[in-house]
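J.: this one's sequence-less:
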């Protein structure tokens, strides 16, 4: 009986992990129009001047008057944050992705497939 559980339990956990990985994400890539709309909904007083979409469609960086914004996927939802010097703990680029460390316990780290030029823009 225990031998059967030793096989069934890891198999069940593995199936749950695969299901969450496959179905727990937004299926539609982010577009510029959606990024602008999501950001405008949360930050109606900020005017978006420019949008840089992530290569994988999982987020975008937005230039606004005086600061930057980000829209990124969290599960099947789009989340927005304003990026100001006081909210950014660090910025790095690994050659393919920009990692933004935030002083925000609800989103401590954001990873986006955008160019390395954003390191200088956000630093």
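T.: Everything's here; your move. The shown structure was predicted, so the numbers you read here are calculated from the model rather than taken from an experiment. Numbering: from 1, shown residues only.
J.: who's in contact with residue 41?
T.: residue 80 (Cβ atoms under 8 Å, 6 or more residues apart in numbering). All C-beta atoms are positioned from the backbone trio N, CA, C, and that covers glycine.
J.: Quick check: it vs residue 114, distance?
T.: Going from residue 41 to residue 114 by Cβ to Cβ, to the nearest Å gives 22 Å.
J.: so where's the protein uncertain?
T.: Scanning the chain for pLDDT under 70 picks out the ranges 1-2, 4-6, 8-10, 12-27.
J.: Which residue ranges of it form strands?
T.: According to DSSP state E, the chain carries its strands in the segments 48-53, 59-64, 67-74, 77-83, 88-93, 98-102, 109-112.
J.: Run through the bridge partners of the most centrally placed residue in the chain.
T.: The structure's the chain has its C-alpha centroid closest to residue 72; by Cα atoms, centre = their mean the separation is 3.1 Å. In this entry, residue 72 is beta-bridged to residue 59, residue 79, by DSSP bridges.
J.: Would you mind confirming that it makes contact with residue 61?
T.: No. Taking Cβ atoms under 8 Å as the definition, residue 72 is not a contact partner of residue 61, at 9.3 Å.
J.: Quick check: neighbours shared by those two?
T.: Common neighbours of residue 72 and residue 61, using Cβ under 8 Å, 6+ apart, are residue 112.
J.: got a list of what the residue nearest to the centre of the chain touches?
T.: The contact partners of residue 72, by Cβ under 8 Å, 6+ apart, come to 58, 59, 60, 78, 79, 81, 107, 110, 112.
J.: Any of the residues you listed buried? List them.
T.: 58, 59, 60, 78, 79, 81, 110, 112 (16 or more other Cβ atoms under 10 Å).
J.: which of the residues you listed sit farthest apart?
T.: Using Cβ to Cβ, these span at most 14.5 Å, a distance reached by 58 and 81.
J.: Just give me the closest of the buried ones among the contacts of residue 72 to residue 95.
T.: Among the buried ones among the contacts of residue 72, and counting by Cβ to Cβ, the member closest to residue 95 is residue 112, at 13.3 Å.
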